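A.B. asks: Below are the sequence and a predicted model for it; my questions follow.
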Amino acid sequence: MPWPDSVVDTLVGAEAVVHQYGVVFAVLAVVAGWYLGRVLTGVLGRRVARRFMRPSVTRTVLRLIRTGSLGLGVLAAAWALGFGLGNLVVSVTVFSAVLGIVLAPIVGSVINGVFVLADQPYEIGDLIEFTDTGQRGFVEDITLRYTKVFTLDNTFLVMPNGEMRTANIVNYSAEDERTRLSLSVEVTYESDIAAARTAIERAAATCDGVISGGPDIRIGSARYPAKPTCYIDEYADSGVNLTLRYWAEQPYRLLSVRSAVQTRIWDELQDRDDVEIAYPHVQHVFDEESGEANVALRRRQ
C-alpha cells in the first residue's frame, strides 16, 4: 500500500532540512553516538561484568559497545553530509583495503589480542615476569591491540599482543599466589648439621610473609611441605650445602621476604657455637717430601 502524500511530503521535507543543515546534524550525530556509548556502558557495565567475570573481557566488550555507538553516529553524520548508501559502501571498501595494507601489523595485534583473551595466560592485576629481560610488573590493562604492564620500577610497558603471545612469561598470580623460594646455606664440616637444619627452618618460619606450617601444598599431582624445610644438598669443598625451601604467601614482595629470611638466618646462626657458616679456606702443607719453601719477611717501615 503506497504511503500517504502527507507522510511522503514530511519525509522529503525532513531530508531537505537535514541536508540544508548538514554540518550541524553531522556534529550532533557524532556527539549523540558518543553519548549513547557512554550511557550504554553505564547501563550494561554491571551486567557484562557478571556475565563474563573477567575484567579484561568486560573492558573489551564495553569498548566495542562504545566504538559501535560512535560508528553509528559517524554513519549518520556521513548521511547528513550527503553521502549516499552506495558512496558509503565504496568508501568503506576503499578504506578497508587501505587499512589492510597500511595497518596490517595492528590488525595482526588485534587477532592476537583475541587469542590472548581466549587463552587467558594472564589477567588484569596479575604479577608477571618476562624471563628474557627479567622485568616484573602488574598487568594494568588488556586491549585487543596491546597489553599494558606497570613494572615494579614505576614504569609502563605497552607490549603488542603479538609480542606477548611469543614472549616467555611467568605468571606469579595465576590461580594460586603462593610462591616457592629456595636459599642455599653452606656450613662447615665441623658444625652440627642437624642443629643447623633445625635453626634455619625455625628462623625462616618466624618471618612475616612466610607460610610457617599447615597441610601440605598441592601443585598438580605433587605435594610439598608447607612449612620451611631444610635439606642436605651437597658435600662441597669448603663445607656442607644446605638448601632451604619455603613458601611465600604472596608474590608481590618476594625480594623483601627473601631478605628478611636471610637476615633472620644470619642472626640465628651467629648466636650459635655449634654451627659456623663456611667460606673458602686454603692451606699450604709442607712435609719432608715437598721440598723447601723460600720465605722472606720484610719489616714494614
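C.D. replies: In hand now; what should we look at?
A.B. asks: Assumed Leu36 was part of a helix.
C.D. replies: Yes. Leu36 sits within a helix when classified using DSSP: H, G, I helix; E, B strand; the rest coil.
A.B. asks: As a check, name the ranges of all strands in the stretch 51-200 of the chain.
C.D. replies: Taking DSSP state E, counting those that start in this stretch, the strands of the stretch 51-200 of the chain run over residues 127-130, 136-142, 146-151, 156-160, 169-171, 179-187.
A.B. asks: So for Ser69, which of those sits nearest?
C.D. replies: With CB to CB, the closest approach to Ser69 among the strands of the stretch 51-200 of the chain belongs to strand 136-142: 20.8 Å. C-beta coordinates here come from the backbone N, C-alpha and C atoms, glycine included.
A.B. asks: Make a markdown table from the strands of the stretch 51-200 of the chain and add mean pLDDT, distance to Arg298 and mean neighbour count to it.
C.D. replies: Conversion of those to a markdown table gives the following (pLDDT from 0 to 100; distance: least, CB to CB, whole Å; neighbours: other CB atoms under 10 Å):
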| stretch | mean pLDDT | distance to Arg298 | mean neighbour count |
| --- | --- | --- | --- |
| strand 127-130 | 88 | 55 | 20 |
| strand 136-142 | 87 | 54 | 19 |
| strand 146-151 | 87 | 55 | 20 |
| strand 156-160 | 86 | 59 | 15 |
| strand 169-171 | 86 | 57 | 16 |
| strand 179-187 | 92 | 36 | 17 |
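A.B. asks: Can I get those in a markdown table including distance to Ala77?
C.D. replies: Listed next are the strands of the stretch 51-200 of the chain as a markdown table, based on distance: least, CB to CB, whole Å:
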| stretch | distance to Ala77 |
| --- | --- |
| strand 127-130 | 42 |
| strand 136-142 | 29 |
| strand 146-151 | 29 |
| strand 156-160 | 31 |
| strand 169-171 | 42 |
| strand 179-187 | 53 |
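A.B. asks: nearest to Arg38, of these?
C.D. replies: In this view, these are compared for proximity to Arg38 by CB to CB, and strand 136-142 is the closest at 18.7 Å.
A.B. asks: Where does pLDDT dip in this protein?
C.D. replies: Counting by pLDDT under 70, the ranges of the chain that qualify are 1-24, 26, 44-45, 48-62, 79-109, 281-297, 299-301.
A.B. asks: related to what we said a few turns ago, relative to Leu40, which of the strands of the stretch 51-200 of the chain is closest?
C.D. replies: Proximity to Leu40 (CB to CB) singles out strand 136-142 among the strands of the stretch 51-200 of the chain, at 20.4 Å.
A.B. asks: Now do Val30 against Val43, distance only.
C.D. replies: 21 Å (CB to CB, to the nearest Å).
A.B. asks: I misspoke; the intended subject was Gly214.
C.D. replies: Remark: distance between Gly214 and Val43 (CB to CB) = 46 Å.
A.B. asks: That's all I had, so thanks and see you.
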